[in-house]
Structure formats: structure tokens, C-alpha cells
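Participant: From the sequence below, what's the structure:
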Amino acid sequence: MSNERDSAPEDALEAGERSRLQDRQGTERSDSLTLRDLPLARIAHELRAPLNRISGFLDLLLAEEEAAGAAIPASSELSLQSRDYLQRARVGSEQLYLLLENLLCWLRAASGQLHLSSDVIAVEELVESTVEELEYTARLRQLRIETRFARELLAPYRRIRTDSQRARHILRNVLANACTYTPIGGRITIEAAVASLPSGLPRLALSIGDSGVGIQPEVLPHIFEPFYRAEPLTDSDQLLESSGSGLGLGLSVAHLLVERLGGTIAVQSAPGVGTTVSLTLPTLT
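Facilitator: Prediction:
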């Protein structure tokens, strides 16, 4: 009898401990549901921090190389080659960061966790900061990126209210795509103007045109499909090294974000002529 009485508290203790453990595990599952259901999202988060450090150190090395080149006009062939390698590495880090951002954005949208914010940003800042983020890609490709701001943007639409982070993401994806498919020495033009929605409310109209290889007609209906990748044209040997790779999320994520912001996006293209992406972003209230 004593053994049964002695074991009863232990059984109750074990049962209570099991119950607490199950409750704790349930809470943990609830708290980390996003990470367990979307392991790739956690990978993207974990890779983004060290990638930022890599990009930062590459920027420092490139700055030192440029300073050394300015101090010594007759730069050695080895120095020029080192600078080229550093620039290519920096371009690779730009591409990898954008790929991770697109993957994370797509996963958030697929799980219903893509949330929008509302803040104010200057149109010039939106465009110029995006161009700056792709500085090394444009420099390596010897691309000319021209920006044109319509006169009516000076006032009263110089600043717009939108989700500035998502707006940058949209423009960065479109511009990165233009850089990828524009041959060495090509030109990319970004134009910003003011348009009106059918309701009469103002919206920002952006046009990104390039002198690239263009898109084949049979490909155009699929360019906004997630994970769709078209093979580059056979005569595109001067394109960026990554033109035939990637996840195929750039334009689809841009399309997704534009729609979430209540805007529009359209593409006009012809092989050998170039591509123009036109998008609108309404002012959020």
C-alpha cells in the first residue's frame, strides 16, 4: 500500500509535467509557426545579415582600390584586375541580396503575412536611392542610367504617401531586370510624372525603358508568373552573367507589390529594340 501511495504523487507530478511540456510545446509551435511552415523564410533572414557584412567590406575594399588608383595614375595591371574582381564580387552580392528579398516577399505573400505601411517619400529620393543600390552593376556593365522628372513633380506632388519600402522594392526589381538584359554600354531611362486615377486622385507614373535585347512575343504573357524564366536570346552574349539564371521572381514580385499598393504595371517590348515597363503608384491615405 505504501508503494502505491508513494508513487501516486510521482505519477501526478509526471502527469503535470507532461501537461506543462505539451502546453509549452504548443505555445512554441504557435509562436514559431511562421518559421516552421516557411523554413526558407528563416534561411533568407539568416543569410541577409552576413550578406550585408560582405557587401560592406567589399565597399571598403573598392573605396581603397579607387583611392589607390587616384594616387597612382599608372595603375598596375594587377591592380586593375583586382578592382575588376572586387566589382564582380560586389555585383554578385547585389544580385544575391535582391534574390533573397524577392524570395522572402513571395513567401510572406503566400502565407498571408505581407503587410503594408504608409509613409511619405520624395519622388527624387525614391528613384535616386534605387539607382544607387544598383550602382556597381551599372558600372560593371558600363550602363548609362538617366533620370527624368516631369516639371509637375516639383509641386505639389514632389512627395508622395505610399509604402516606401515596397515602392523601392518594385523599382529595384524592374531596374535590376533592365540591367541584366541590356548589353554593355547600353542605356536605361527612368521617367517620373504625375497621372490621375479614374477617381481623380493623383498617382505617380514611372516608366523604365532600356535599350536591351527585348522580350519575345510568346514570352510576354508569362513574364509576371512566379518562377517563370525565359531563356535569353541567342545573340545576347554581352548580357550580365546571371541573365540565364535566377528564380524568376523579380517581375512577379514587382507585379504582386504593385497590385497590393493599388497600382498598375505593364510591359512593352520587342526583340532587338528594348523593353519599357510602365507602372503607377497611387498616393495612399
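
Participant: L175 and T137, how far apart?
Facilitator: Per Cβ to Cβ, to the nearest Å, L175 is found 9 Å from T137. C-beta coordinates here come from the backbone N, C-alpha and C atoms, glycine included.

Participant: same question, L206
Facilitator: Counting by Cβ to Cβ - L206 and T137 are separated by 19 Å.

Participant: Past the helix or strand containing I160, which element shows up next along the chain?
Facilitator: According to DSSP states H and E, I160 maps onto strand 159-162. Using DSSP H and E, the helix or strand that follows strand 159-162 in sequence is helix 164-180.

Participant: which helices and strands does that following helix pack with?
Facilitator: Where contact means 3 or more Cβ pairs under 8 Å, 6 or more residues apart in numbering; DSSP states H and E, helix 164-180 is packed against helix 77-110, strand 119-122, helix 123-133, helix 135-141, strand 187-196, strand 202-210, helix 250-260, strand 274-282.

Participant: chain center to the fourth one, what's the gap?
Facilitator: Meaning helix 135-141. Distance of helix 135-141 from the chain centroid (Cα atoms, centre = their mean, to the nearest Å) equals 16 Å.

Participant: Tell me the buried residues in that helix?
Facilitator: Within helix 135-141, the residues scored as buried using 16 or more other Cβ atoms under 10 Å are 136-138, 140-141.

Participant: Greatest separation within these: which pair is it?
Facilitator: The two members of these with the most space between them (Cβ to Cβ) are Y136 and R141, at 9.5 Å.

Participant: Show residues contacting stretch 141-161.
Facilitator: 118-124, 127-128, 131, 137-138, 175, 179, 182, 184-194, 202, 204, 240, 281, 283-285 (Cβ atoms under 8 Å, 6 or more residues apart in numbering).

Participant: List the contacts of R172.
Facilitator: Residues counted as contacts of R172 (Cβ under 8 Å, 6+ apart) are 98, 130, 133-134.

Participant: Give me the below-cutoff pLDDT ranges for the stretch 1-150 of the chain.
Facilitator: Applying pLDDT under 70 to the stretch 1-150 of the chain flags residues 1-41, 69-78.

Participant: let's go with 80 and repeat that
Facilitator: 1-47, 65-80 (pLDDT under 80).

Participant: In this protein, which residue is most central in space?
Facilitator: Centroid-nearest residue in the chain, with Cα atoms, centre = their mean: L98, separated by 4.0 Å.

Participant: L171 versus that one, what's the distance?
Facilitator: Distance, L98 to L171, by Cβ to Cβ: 12 Å.

Participant: Next, the buried residues of the helix or strand where R42 lies.
Facilitator: Secondary structure from DSSP H and E places R42 in helix 39-71. For helix 39-71, a neighbour-count test (16+ other Cβ under 10 Å) marks 41, 44, 47, 51, 55, 58, 61-62, 65 as buried.

Participant: same for it, what does it pack against?
Facilitator: Counting by 3+ Cβ pairs under 8 Å, 6+ apart, the packing neighbours recorded for helix 39-71 are helix 33-37, helix 77-110.
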